[in-house]
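Colleague: I need the structure of the sequence given here:
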Amino acid sequence: MQYVLALDCGSTNFKAALFDDGLQRLSQAARPLPSLNYGAQCVELDAEETWQIASALLQQTCQQAGVTFSQVARLAITSQAQTFLLLDEQNQPLTPLISWLDRRADGLAAHLRAALGDEFARHCSFAEPMPQLQVAKLFWLHKNAPDLLARAACIASLPTWLALRLGAPAALDDNLAAMSGLYSLPAQAYWPAALALCGVSEAQLPSVVPVGSALPAGAPRLTLAGNDQTCGAYGNDCQLNAWVATLGTALVAYRRAGQSPGPYHPRGCWGPYPGGGYYELAVRDFGCAALDWARTLLFPLGPLEQFMTAAAQAAPGSAAPPLFYPDLTGSPTAWVGEGTAGERALAVLEGISFSLRGLLFDELGADQRLERLIVTGGGSRSDFWLQLLADILGVAVQRAAGDALLGAARLALPAVEPPHSAPPATWQPRAQQSGFYQALYHLWHAHL
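Modeller: The predicted model follows:
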């Protein structure tokens, strides 16, 4: 039996699952990830504590299935992007892990855009150098702690740090490297202009391997599985005509882009897809985070089920329904118009769904070739919301059968097809409701 462990290094929790060599899930566990907040803009993680959390989680997941860690043949890591630390020549931390949420580089984004220009989108995953990217944080260190940056023998992303602690070499997959702003996708090498701007050398950076590659050392054998959105898509068999959406804290639309490299659309993020070809995604900061905020206002202390039931009972069809704008979450102007608590709850689900429609059709260029949308994340547990999405989007909506952990495990065992049980639940658009929502979407969009 070749056991496979998958580790998903998220921003809030680390999650792990153990699979057998037929990709049957045997156990799963999660542990929260505490952050060190030194100020409004500084978000860091203790490097040693992060390793201890990951190590304990892997051991716990094995123990739940009655397996020892030494019996695991392969370990696949999918990770948040951008989070990194500086290491000395003995691979000891010189800094905490600097989270992708850290915003100390906010004031430098304009300088980065001017210095790197329009070429940035062609080289890197993102359209422009945002403060959250590793290139921006390194530029901040170059400006504010140049001696510390010069001392670094290795600038290690989070999965690189964990790989080193597991006895593997310092490496990073090209899916995550392309999201850093330091790596050129056309050249398949680090981008000299970005390195020079940040005052770092290629010798300080991990080697880059194709996403899904197994590293040549370490026990168990380690597979670098890219970002969690890519693993989630891979775990759900994302295809050219079947895209993936995540109803999580953020709202994400993800598609297979084919064999031709990007960039594709002005606001899309692109990069390598496992096994060849490329992906593109678009994101909004407020998905279920907007729902959680609205729930606390409409139903203080009430469970999520109360919110969803009230929304389901507020049948659409009003001549002047309230409208909700997720990007205005936290503001009294998030709703436009009046309505009962149930009508305002329904407006929240509609508004998030309208935002997803914008991501799919306006930002990623979906057309009649999109036949099916696979939905993941916490919001996908609601049958009512999935039917609402089908009506608003005008395409079949399917509840995801896989997740990022399964996608990572599949990358570790690429020749194995995961087991399939019952056909996944699917919702079809209903003609009358789709017509209503076509008109309401245009009304909603006119208020943006």
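
Colleague: Low-confidence regions, the stretch 301-448 of the chain specifically.
Modeller: 317 (pLDDT under 70).

Colleague: run the last query once more with 80
Modeller: Scanning the stretch 301-448 of the chain for pLDDT under 80 picks out 315-319, 420-422.

Colleague: these two touch, right, Pro321 and Gly339?
Modeller: Yes - with contact defined as Cβ atoms under 8 Å, Pro321 reaches Gly339; the gap is 6.5 Å. (Glycine included, C-beta is placed from N, CA and C.)

Colleague: and for the two, which residues touch both?
Modeller: Ala347 (Cβ atoms under 8 Å, 6 or more residues apart in numbering).

Colleague: These two - which one has more neighbours?
Modeller: Per other Cβ atoms under 10 Å, whichever of Pro321 and Gly339 has more neighbours is Pro321, with 22 against 18.

Colleague: That one and Val348, how far apart?
Modeller: Using Cβ to Cβ, to the nearest Å, one obtains 12 Å as the distance from Pro321 to Val348.

Colleague: ok, now which ones touch the spatially closest residue to Trp191 that is not a sequence neighbour?
Modeller: Nearest residue to Trp191, sequence neighbours excluded (Cβ to Cβ, 6 or more residues apart in numbering): Ser184, at 4.1 Å. Counting by Cβ under 8 Å, 6+ apart, Ser184 touches His123, Cys124, Tyr190, Trp191.

Colleague: between these, which is nearest Ala253?
Modeller: The closest of those to Ala253 turns out to be Cys124 (Cβ to Cβ; 19.7 Å).

Colleague: Is it correct that Gln313 is in contact with Gly342?
Modeller: Yes - counting by Cβ under 8 Å, Gln313 touches Gly342, with 5.6 Å between them.

Colleague: In contact with the residue located most distally from the centre of the chain, which residues?
Modeller: Distance from the C-alpha centroid of the chain, by Cα atoms, centre = their mean, peaks at Ala319 (37.4 Å). By Cβ under 8 Å, 6+ apart, no residues touch Ala319.

Colleague: Also the one 3 residues further on?
Modeller: Taking Cβ under 8 Å, 6+ apart as the definition of contact, the neighbours of Pro322 are Trp335, Val336, Gly337, Glu338, Gly339, Glu343, Arg344, Ala347.

Colleague: If the first one is in a bridge, with which residues?
Modeller: This means Trp335. Listed beta-bridge partners, Trp335: Phe324 (assigned using DSSP bridges).

Colleague: how close does it get to Pro321?
Modeller: Distance from Trp335 to Pro321, by Cβ to Cβ: 10 Å.

Colleague: where do the contact lists of those two overlap?
Modeller: In contact with both Trp335 and Pro321: Ala347, using Cβ under 8 Å, 6+ apart.

Colleague: Report pLDDT for the most centrally placed residue in the chain.
Modeller: Central residue of the chain (Cα atoms, centre = their mean): Gln229, 4.2 Å from the mean position. pLDDT recorded at Gln229 is 93.

Colleague: Where does it sit: helix, strand or coil?
Modeller: Per DSSP: H, G, I helix; E, B strand; the rest coil, the secondary structure class of Gln229 is helix.

Colleague: Tell me who's in contact with it.
Modeller: Contacts were defined as Cβ under 8 Å, 6+ apart; by that measure Gln229 touches Val244, Thr246, Val252, Tyr254, Leu281, Ala404.

Colleague: what's the third one in contact with, if anything?
Modeller: The neighbours of Val252, taking Cβ under 8 Å, 6+ apart as the test, are Gln229, Ala245, Thr246, Leu281, Ala282, Val283, Arg284, Gly287, Leu359.

Colleague: pretty sure it belongs to a strand, no?
Modeller: Yes - counting by three-state DSSP, Val252 falls inside a strand.

Colleague: The residue nearest to it when sequence neighbours are not counted: what's it in contact with?
Modeller: Using Cβ to Cβ, 6+ apart and skipping the chain neighbours, the partner closest in space to Val252 is Thr246 (4.1 Å). By Cβ under 8 Å, 6+ apart, the contact set of Thr246 is Gln229, Gly232, Val252, Tyr254, Gly287, Val375, Thr376, Gly377.

Colleague: Narrow the residues you listed to just the buried residues.
Modeller: Burial by neighbour count, judged by 16 or more other Cβ atoms under 10 Å, picks out Gln229, Gly232, Val252, Tyr254, Gly287, Val375, Thr376, Gly377 from those.

Colleague: The second one in helix, strand or coil?
Modeller: The three-state label given to Gly232 by three-state DSSP is helix.

Colleague: list the contacts for it?
Modeller: Val244, Thr246, Tyr254, Thr376, Ala400, Gly402, Asp403, Ala404, Gly407.

Colleague: try 7 Å this time
Modeller: Under the criterion of Cβ atoms under 7 Å, 6 or more residues apart in numbering, the neighbours of Gly232 are Val244, Thr246, Thr376, Asp403, Ala404, Gly407.

Colleague: between those residues, which is closest to Gly268?
Modeller: Looking across those and measuring by Cβ to Cβ, the closest to Gly268 is Val244, at 14.3 Å.

Colleague: rewinding a little: now, the contacts of Val252 that are in helices?
Modeller: In helices, defined here by DSSP state H, the members of the contacts of Val252 are Gln229.

Colleague: what distance separates stretch 421-441 from the centre of its chain?
Modeller: Taking Cα atoms, centre = their mean, to the nearest Å, one finds stretch 421-441 lying 25 Å from the centre of the chain it belongs to.

Colleague: Stretch 343-350 now?
Modeller: On Cα atoms, centre = their mean, the centre of stretch 343-350 falls 25 Å from the chain's centre.

Colleague: same thing with stretch 158-165?
Modeller: Put simply, stretch 158-165 sits 19 Å off its chain's centre (Cα atoms, centre = their mean).

Colleague: Give me the contact list for it.
Modeller: By Cβ under 7 Å, 6+ apart, stretch 158-165 touches 9, 47, 51, 54, 77, 79-80, 83-85, 91, 97, 156, 170-172, 176, 206, 215, 218, 222, 224.

Colleague: That concludes my questions; thank you for your assistance.
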